[in-house]
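A.B. asks: Quick one, what's the 3D model for this:
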Amino acid sequence: MARKKSFTIIELIATIVITAILGTIALDILRKVYRHYVVTRELTKLNIKTEAILNLLSTILEHRLKNSLIAVSCNLTDESCKRANIDDFLPVNQIPDNNDSYRVLEWLQIDRYGRIGEWNGTLLKPGWSGFVDLKNGDTTQLSDGNWSIATPYSDPTIIQDILGDYFKQWGISGNNDVFGNGLAVLVFGGPAGRGTISADYNNSYGYYNYPAEQLYFVEPQTNTKWKIYQVSVNQDEVKIFQDYYILRGGGAIVPVPIGNGEFNLTYRFNYFPWLDQNYTDGNSTIIGDHITFFKFREKNGNLRLYICITTDNIDLKEYNLTVCKEKVVF
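C.D. replies: Below is the predicted model of the structure:
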């Protein structure tokens, strides 16, 4: 009669141990696969987020007055940047390559809403064309320091209506007369169409209590001729060029620290440097969070933006997941 085989205690224990070891290995493999999936998914999210922020910045800066672009030096760690306690400011294209203390990007906004105009039932009529008719316009300086320009295909009342409604929705006083109250001003385009500047760049646009020598208040007279009042008439000579822009305030990208070397990028708008205001006087919205690095440079009129973003997932902080991207704004 054949003897029935059975597991001994030792064999059973060995089987359990081997099974446990194999299970542990399998679980470790599954854990690593899952972690790899989570990390890959988070990196994909960070790539999309970084690209979206840069595209948003590009859209915002598309309507900047190019020669008004400045860099503001301030201390990021003690919230000096947030409070507009600045150390210095200068044109972006003059930032030293090895100097990263210029944290805030600031510029003057061109009015795109009034330029698009309004529908009058038949066609879309622009508020301002940006074109000065030098042949028929009166470009002679008057004795009181005022100017008159002819600007065909323009209607200042449209700008008044559109910008008045725009400022009203943001609770900005003076929207009933955007020209008379200095909420909308005119600046000539200059020979390159980038905005006129004086010999001293910092004095040109009214930043931080400097006189805005090249800005003009506008008074609508007819649909085709506006009278232009200089903010400052201390210059010996003022030139009128063939094109101009209507400005509707300033804009700034300001980093606000949130701890651990990270900060949020905030967009400040609806403030008026030529009325002795800075970006703390305007409206604010966050356009990017958990930023670890923000840098900008300008060369040949092209603005380069560079940002790095880290994950906000606490469980993934040990991996130090950070994505950096660069974008050129023309």
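A.B. asks: Could you list the low-pLDDT ranges of the chain?
C.D. replies: 1-7, 11-12, 22, 30, 33-34, 136-146, 198-202, 222-224, 231-241 (pLDDT under 70).
A.B. asks: all strands for it, in order.
C.D. replies: Under the criterion DSSP state E, the chain contains strands at 70-73, 88-91, 102-110, 118-119, 124-125, 146-150, 185-188, 216-220, 225-230, 244-259, 262-271, 283-299, 302-310, 322-329.
A.B. asks: helices and strands around the first one, which ones?
C.D. replies: Yep, that's strand 70-73 we're talking about. Applying 3 or more C-beta pairs under 8 Å, 6 or more residues apart in numbering; DSSP states H and E, we find strand 70-73 packed against strand 88-91, strand 102-110. C-betas here are computed from N, CA, C, even on glycine.
A.B. asks: Not counting it itself, show me its contacts.
C.D. replies: 81, 86-92, 95, 101-107, 202, 207, 252, 296 (C-beta atoms under 8 Å, 6 or more residues apart in numbering).
A.B. asks: Buried subset of those as a PyMOL selection?
C.D. replies: Selection command for PyMOL covering only the buried members of those, criterion 16 or more other C-beta atoms under 10 Å:
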select buried, resi 81+86+89+91+92+95+102+103+104+105+106+107+207+252+296
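A.B. asks: Determine which of the strands of the chain approaches residue 57 most closely.
C.D. replies: Residue 57 lies closest to strand 302-310 among the strands of the chain, at 5.7 Å (C-beta to C-beta).
A.B. asks: who's in contact with the closest one?
C.D. replies: 46, 49-50, 53-54, 57-58, 61, 69, 92, 262, 265, 288, 290-298, 320-330.
A.B. asks: So which bits of it are buried?
C.D. replies: So, applying 16+ other C-beta under 10 Å, buried residues of strand 302-310: 303, 305, 307-310.
A.B. asks: Distance to residue 24 for those residues - can I get that in CSV?
C.D. replies: Output for the buried residues of strand 302-310, formatted as CSV (distance: C-beta to C-beta, whole Å):
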residue, distance to residue 24
303, 55
305, 48
307, 42
308, 38
309, 36
310, 33
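A.B. asks: out of the contacts of strand 302-310, which are buried?
C.D. replies: Members of these classed as buried by 16+ other C-beta under 10 Å are 46, 49-50, 53-54, 57, 61, 69, 92, 262, 265, 288, 290-296, 298, 321, 323, 325, 327, 329.
A.B. asks: so what's the nearest residue to residue 47 once chain neighbours are set aside bridging to?
C.D. replies: The shortest distance from residue 47 to any non-neighbouring residue, by C-beta to C-beta, 6 or more residues apart in numbering, is to residue 323 (5.4 Å). Beta bridges link residue 323 to residue 309, judged by DSSP bridges.
A.B. asks: quick one, domains of the protein?
C.D. replies: The chain breaks down by automatic domain parsing into domains covering 44-108+251-329, 109-249.
A.B. asks: Can you measure across the last one, start residue to end residue?
C.D. replies: Read that as domain 109-249. This stretch, domain 109-249, spans 6 Å end to end (C-alpha to C-alpha, to the nearest Å).
A.B. asks: Tell me the gap between it and the middle of its chain.
C.D. replies: 22 Å (C-alpha atoms, centre = their mean, to the nearest Å).
A.B. asks: Numbering from 473 from now on, please.
C.D. replies: Yep, numbering from 473; the last one is domain 581-721 now.
A.B. asks: Now do the contacts for the residue nearest to residue 519.
C.D. replies: Contacts of residue 795 were listed using C-beta under 8 Å, 6+ apart, and they are 515, 518-519, 521-522, 780-781.
A.B. asks: For it, give its distance to residue 516.
C.D. replies: In this view, residue 795 and residue 516 are 10 Å apart by C-beta to C-beta, to the nearest Å.
A.B. asks: could the strands of the chain be laid out in TSV, adding distance to residue 481?
C.D. replies: Formatted as TSV, the strands of the chain follow (distance: least, C-beta to C-beta, whole Å):
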stretch	distance to residue 481
strand 542-545	77
strand 560-563	82
strand 574-582	72
strand 590-591	91
strand 596-597	91
strand 618-622	104
strand 657-660	93
strand 688-692	99
strand 697-702	102
strand 716-731	58
strand 734-743	58
strand 755-771	57
strand 774-782	55
strand 794-801	55
